[in-house]
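**Student:** have a look; sequence and predicted model below, questions after that.
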Amino acid sequence: MNSKNIGRLLIFKYLGLTVLILIVLIITLRLFSSELEEYLNQNLVNPYLKESTYFNIQIILNLIVVFFVSGNIGESILDKNKDPFWSTFFGFLKMWIGFLLVAMFSEMIPRLIEYGIDLEFVGIGTLIWLVMGLPVFLIIGTIQSGLTSWFVGKEMKLKKTHYNNV
């Protein structure tokens, strides 16, 4: 197994664990409050059911971003001997920049198709996303990267010593 696949397996393991925790948390919270259940249906379930193709395309594109960036994280730690924490930290920040681009283009492309291609519209839309969306994505990405990088980096370091001894 090469270093890119090791990185991908490790990141997707944590991604699956996160999704599982969120599903259990949402189900548990829905059981405690009917108001919360109504809120989740209104803001999470119903939009997905109405435009499932739109959201599925976004999910697939985000998974592609994670696939490529996690491979680079594994390669930089296992092959290039870079610091596990910082390699993972900057890798997760790259993922969040990728998520921003996916969100930006998945919002702009349907509008361009609907209203026609106008360079002024593209420029204004890009500027709005960079001014309003980039800080939010960077703040959330930095927090998530800092919290997750220690765990992922430590496990990646263990994988490195394991595969070097085998």
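**Tutor:** Everything's here; your move.
**Student:** which helix or strand lies directly C-terminal to the helix or strand containing residue 17?
**Tutor:** Taking DSSP states H and E as the criterion, residue 17 maps to helix 3-32. For helix 3-32, the following helix or strand on the C-terminal side (DSSP H and E) is helix 34-40.
**Student:** would you mark the buried spots in that next one?
**Tutor:** For helix 34-40, burial by neighbour count (16 or more other CB atoms under 10 Å) applies to residue 40. Glycine gets a C-beta too; all of them are placed from N, C-alpha and C.
**Student:** now the strands for the protein?
**Tutor:** With DSSP state E, there are no strands along the chain.
**Student:** before we move on, back to that, check which helices and strands the helix holding residue 17 sits against.
**Tutor:** Under the contact criterion of 3 or more CB pairs under 8 Å, 6 or more residues apart in numbering; DSSP states H and E, the helices and strands touching helix 3-32 comprise helix 34-40, helix 52-78, helix 134-165.
**Student:** what does the shortest one contact?
**Tutor:** By CB atoms under 8 Å, 6 or more residues apart in numbering, the surrounding residues in contact with helix 34-40 are 26, 29-30.
**Student:** low pLDDT regions in the protein?
**Tutor:** When residues are selected by pLDDT under 70, those of the chain lie in 161-166.
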